[in-house]
Structure formats: structure tokens, C-alpha cells
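Trainee: next input, structure requested:
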Amino acid sequence: MRFLVFGAGGVGAYFGGKLAKAGEEVWFVARGKHLAAMKKKGLFVHASDGSFRVKAGTMTDNPAKVPSPDVVLFCVKAYDTESAAKQLAPILSSDSIVISLQNGVENEAKIKRCIPQAIVYGGVAYIFSNITAPGKVTEWGGPRKIVFGPLEGEPSGRAQEIEKVMKNAGIEATLTNDMLTELWKKFIFIAAGGGFNTLSHLALADIMAVDESREVFYLAMKEAEAVARAKGITLPKGFVEQQFETLKNRATTARTSMYYDLVQQKPMEVEELVGAIVRYGREAGVPTPINQTIYASLLPHHLLHVQKRKPSRFNAPRS
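Mentor: Below is the predicted model of the structure:
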């Protein structure tokens, strides 16, 4: 099965690397120094479940050079969704499945608008990983799993084949017919929790260890949960409380990708994450003062780095 990893950062490189290691044909689309290092020496994945290297040869910054893929793992930053999706249309076949493994709950609709003929599946990746040097991705422990599925209807036979291939590659993959709920379950955590992690510069373990910090984290997630329920999203009873019980036992020193973008002076997914909670809350009449504060504090940093950003294939100006 031929895979295209569009955005070979911490998420895409790890899961794409696992597939390549298992013998699947995997193409990696990346950019900058990271791409240059991969083209020269391949991709090195330092992982808690076993480190490995993917040899050079299928790394590029131009999707047009990739043979038509069976599966696209769409892993670009949420703010680059539309510009990246437009580059996929010429190389997709009628059977190609695009699986978004991005943060947020609006990416699948954006991809579909850009590529109406595409088969687009939602997906969530539970993993702590990031680029730690050009050509190197480090996975820090914790969950390493993918949940994916259609946002409407039942999963196809092709999707079941993809699940099997992923599992054969050592990836904990689950195909679901309730993808909307899965998207929001991660969104509540990564938006509210990730936003506070970024603003405070604290790891999850540090946040959970201090009563005052833990309370702000909790309230941010409760606001997001209230927004989800107001929008009619089905969530388990006491969802946030269940999440906190898990975090008490599994809180790690890992930080979210938005934190790393902040300290590396890059644009952040603040609009698509914390900003979305605030926007949805206004639409539904749900107060979100904690998330409003986090959003207002992080937004100036994001806007500053957007202005400084150099155009690339991923973020070319919209026509």
C-alpha cells in the first residue's frame, strides 16, 4: 500500500516511519532543513518503543512528484490546511483516502471544500513527539495511537484494509464509525489543555502537581466540554473528570506542539484550537473566560510570527 505523509513532523514522521519500517511504500513531504537532512541521510525516529531509521529516497517538498497514493496521512499544521489540500488534487485517484491527523475539528471540511472529489476521513493521533533536529523526530512516551473513520456513514472495506496495515506495522490503530465524537474528545484536551500548557510553559506533570494550576486547566477543559455539549456533540458523562483521573496517573513531562511552536518563534494553531473554543462559545451563548484569556494572551505571538513567515509550498498565498 502506498502512503503519502503530507507534513513529516513529529506526528507524520513517527507513524509514516513505522509504516516504512514494516515494508510499506511511504513518501514524506516536508520542507526546509528537516527535508534537506532527510534527503541526505534519511529519517531517524528516536522512540520509546524502539528507535529506527528510514533510508533516504522518498522525501520531497513537492507532492506532484509522488505517484498516486492509496492513503494520505494529512499532518500539516491546521492553518496550512487549505493551501496544502489544493496541492493534493492532481495526484489523488478515485480510491485514495485522505486521513487528517491534525489538531482541531474543522480540517476535514476544509479539505473536502478544496478537493470535492476526495474521500476524506477524520483522524486523531495520540502521541507526544516533535522534530528535535533536522532529519530527527523524538517520541517521548505515552500513547502512540491513531483513531480514524468517516464523519458520515460507515467505514469502507478499504478503510478496514488500512487499519490492518497500520496494525501490522505496530501502530495501535482503531477504525470508528463515531469520528465526530473522537475529534471533539481530543479537541477539548489539546485546545484547552494545550493552550494553558503553552501559556504557562508548564508540562502536564507540573500543572497537575499544583492545585491552582490544575484548577485552571480543569476549568479550561470544562468550558470546552460545555461548548461541545451545546453544539450537540455526544460525550461520555463526566468526560473531563475521567480525563483528569487518567492524567493524575499518567501526567508526563511532555509538552504540546503549540508550546514548541511558541518557544521556537513559529506561528501557532491558536486560532484553530483555543480561538475555536471562544468562537463556538460565542455562537452557542456559552461563556469561555479562561479560554478567552489564554487566546488573547497567545494570539499576538502567533500574529507576529505569521508576519515574519516565509512563503513555501505549504503556505503559498491563496489565489
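Trainee: show me the domain layout of this structure.
Mentor: The chain resolves into domains spanning 2-177, 182-308 when parsed by automatic domain parsing.
Trainee: okay if I get the ones you listed as a markdown table plus mean pLDDT and mean neighbour count?
Mentor: Yep, even glycine has a C-beta here, placed from its N, CA and C like the rest. Below are the domains of the chain laid out as a markdown table (pLDDT from 0 to 100; neighbours: other Cβ atoms under 10 Å):
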| stretch | mean pLDDT | mean neighbour count |
| --- | --- | --- |
| domain 2-177 | 95 | 19 |
| domain 182-308 | 93 | 18 |
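Trainee: next one: residue 174 from residue 124, what distance?
Mentor: According to Cβ to Cβ, to the nearest Å, residue 174 and residue 124 sit 10 Å apart.
Trainee: overlap of the contact sets of these two?
Mentor: Residues touching both residue 174 and residue 124 (Cβ atoms under 8 Å, 6 or more residues apart in numbering): 146-148.
Trainee: just the ones in helices from the residues you listed, please.
Mentor: When DSSP state H is applied, the shared contacts of residue 174 and residue 124 are split such that none fall in helices.
Trainee: out of those residues, who's nearest residue 242?
Mentor: Ranked by distance to residue 242 (Cβ to Cβ), the shared contacts of residue 174 and residue 124 are led by residue 147 at 16.4 Å.
Trainee: how about the residue nearest the centre of the chain: what's its closest non-neighbour residue?
Mentor: Here the mean C-alpha position of the chain is nearest to the C-alpha of residue 102 (Cα atoms, centre = their mean), at a distance of 2.9 Å. The shortest distance from residue 102 to any non-neighbouring residue, by Cβ to Cβ, 6 or more residues apart in numbering, is to residue 78 (5.2 Å).
Trainee: that neighbour contacts residue 270, correct?
Mentor: No. Between residue 78 and residue 270 there is no contact under Cβ atoms under 8 Å: 9.9 Å.
Trainee: might you calculate how far stretch 77-97 sits from the centre of the chain?
Mentor: 15 Å (Cα atoms, centre = their mean, to the nearest Å).
Trainee: make that stretch 165-180, sorry
Mentor: For stretch 165-180, the distance to the chain centre is 15 Å (Cα atoms, centre = their mean).
Trainee: stretch 275-283 now?
Mentor: Using Cα atoms, centre = their mean, the offset of stretch 275-283 from its chain centre is 20 Å.
Trainee: check stretch 71-89 too.
Mentor: On Cα atoms, centre = their mean, the centre of stretch 71-89 falls 12 Å from that of its chain.
Trainee: got the CA coordinates for that stretch in PDB?
Mentor: The C-alpha coordinates for stretch 71-89 follow below in PDB (Å, rounded to 0.1, in the frame of the first residue of the first chain):
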ATOM      1  CA  VAL A  71      -3.600   6.800   1.600                       C
ATOM      2  CA  VAL A  72      -2.700  10.300   2.600                       C
ATOM      3  CA  LEU A  73      -1.800  11.000   6.200                       C
ATOM      4  CA  PHE A  74      -2.500  14.700   6.200                       C
ATOM      5  CA  CYS A  75      -0.400  16.100   9.000                       C
ATOM      6  CA  VAL A  76       0.200  19.800   8.200                       C
ATOM      7  CA  LYS A  77      -0.500  22.500  10.700                       C
ATOM      8  CA  ALA A  78      -4.200  23.400  10.800                       C
ATOM      9  CA  TYR A  79      -3.500  26.900   9.500                       C
ATOM     10  CA  ASP A  80      -2.000  25.400   6.300                       C
ATOM     11  CA  THR A  81      -4.900  23.000   5.600                       C
ATOM     12  CA  GLU A  82      -6.300  24.800   2.600                       C
ATOM     13  CA  SER A  83      -3.100  25.600   0.800                       C
ATOM     14  CA  ALA A  84      -1.800  22.100   1.300                       C
ATOM     15  CA  ALA A  85      -5.000  20.400   0.300                       C
ATOM     16  CA  LYS A  86      -5.000  22.200  -3.100                       C
ATOM     17  CA  GLN A  87      -1.700  20.500  -3.900                       C
ATOM     18  CA  LEU A  88      -3.200  17.100  -3.400                       C
ATOM     19  CA  ALA A  89      -6.000  17.100  -6.000                       C
END
